[in-house]
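Engineer: based on what follows, work out the 3D shape:
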Amino acid sequence: MVRGKIEMKRIENATSRQVTFSKRRNGLLKKAHELSVLCDAEVAVIVFSQKGRLYEFSSSDMQKTIKRYHKHAKGAQTNTTEVEQYMQQLKHESADMAKKIEILEASQRRLLGHDLDSCSAQELNQISSQLERSIRIVRDRKGQLFMEQIERLQAKERILLEEKTKLNIEYGARPWQQHIVQEKGVGAATYNWMNSSQSSSSQISNSDQVETGLFIGPPAMRCE
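Structural biologist: Residues are numbered from 1 along each chain as shown. Below is the predicted model of the structure:
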């Protein structure tokens, strides 16, 4: 026979209610005992009937289990209170941070020249002074960067001069002096070649003299 589903509501009939209580109480205590034995758990069950009669089960000392429960519940309550306080603190800090961000954004807009209609003369003077201070700071930083760059370039120049001096000492003569010596050698060779060419030309002109003349008439045989 299939057992029907029991509707979860108060049983109106007193006799049926008492029978159901007895059965389910015994089943609950039996399940608590099985849980403590099978799983090696500390289990305590306290049941009061409608008439106030006490039924209980404990796998160990009931008072010890109750004290342990109170200690755990108190610690959990303390942790919950601390968490709530911490959350409230975070909410206040978040609200303060939002206000500071809003003030900074408004100040930034004014520094950029926006939303100046609502500013008083004193506020405008403060904005002007702040801009002047910012410009001085930017100029000082810019000058410092230029000086650092100049110092780096000067240091690089000194290194190059030292390397050049070492090379001059190592190879003896300076490069421009070697270049002049080479130019002198090329000039002397060119001068000698031109003199030899002129002398050869004069010898050829003296040895090879060709007799030229103009004759009118038929050709005639000439004997040397």
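
Engineer: mind listing residues that contact stretch 27-47?
Structural biologist: With contact meaning Cβ atoms under 8 Å, 6 or more residues apart in numbering, stretch 27-47 is reached by 25, 54-60, 62, 65-66, 68-69. Every residue, glycine included, has its C-beta placed from N, CA and C.

Engineer: closest to Arg152 among those?
Structural biologist: Distance to Arg152 across those (Cβ to Cβ) is lowest for Arg68, with 73.9 Å.

Engineer: please, which helix or strand holds that closest one?
Structural biologist: According to DSSP states H and E, Arg68 maps onto helix 62-111.

Engineer: now that helix, how far from the centre of its chain.
Structural biologist: 31 Å (Cα atoms, centre = their mean, to the nearest Å).

Engineer: then stretch 40-60?
Structural biologist: Remark: stretch 40-60 is offset 62 Å from the chain centroid, using Cα atoms, centre = their mean.

Engineer: sorry, back to before: tell me the helix or strand right after the helix holding Arg68.
Structural biologist: As assigned by DSSP H and E, the chain's next helix or strand after helix 62-111 is helix 121-171.

Engineer: just checking, what packs against that following helix?
Structural biologist: helix 62-111 (3 or more Cβ pairs under 8 Å, 6 or more residues apart in numbering; DSSP states H and E).

Engineer: got the angle between the helix it packs on and helix 121-171?
Structural biologist: With axes from the mean of the first three to the mean of the last three Cα atoms, to 10 degrees defining the directions, helix 62-111 sits at 90 degrees from helix 121-171.

Engineer: before we move on, back to that, how about a markdown table for the contacts of stretch 27-47, with pLDDT, distance to Lys156 and neighbour count added?
Structural biologist: Converted to a markdown table, those look like this (pLDDT from 0 to 100; distance: Cβ to Cβ, whole Å; neighbours: other Cβ atoms under 10 Å):
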| residue | pLDDT | distance to Lys156 | neighbour count |
| --- | --- | --- | --- |
| Arg25 | 93 | 97 | 15 |
| Leu54 | 92 | 97 | 8 |
| Tyr55 | 92 | 96 | 15 |
| Glu56 | 91 | 93 | 12 |
| Phe57 | 92 | 91 | 18 |
| Ser58 | 91 | 89 | 17 |
| Ser59 | 90 | 86 | 17 |
| Ser60 | 88 | 85 | 12 |
| Met62 | 90 | 89 | 14 |
| Thr65 | 90 | 84 | 16 |
| Ile66 | 90 | 85 | 13 |
| Arg68 | 88 | 79 | 14 |
| Tyr69 | 87 | 80 | 12 |
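
Engineer: low-confidence ranges in the protein?
Structural biologist: Along the chain, the model assigns pLDDT under 70 to residues 1-4, 77-79, 172-224.

Engineer: if we can go back for a sec, helices or strands up against the helix holding Arg68?
Structural biologist: strand 44-48, helix 121-171.

Engineer: farthest-apart pair in the contacts of stretch 27-47, please.
Structural biologist: Arg25 and Arg68 (24.0 Å).

Engineer: distance of the most centrally placed residue in the chain relative to Glu34?
Structural biologist: In the chain, the residue lying closest to the centroid (Cα atoms, centre = their mean) is Ile101, at 23.1 Å. Ile101 sits 61 Å away from Glu34, going by Cβ to Cβ, to the nearest Å.

Engineer: over to Thr20?
Structural biologist: 21 Å.
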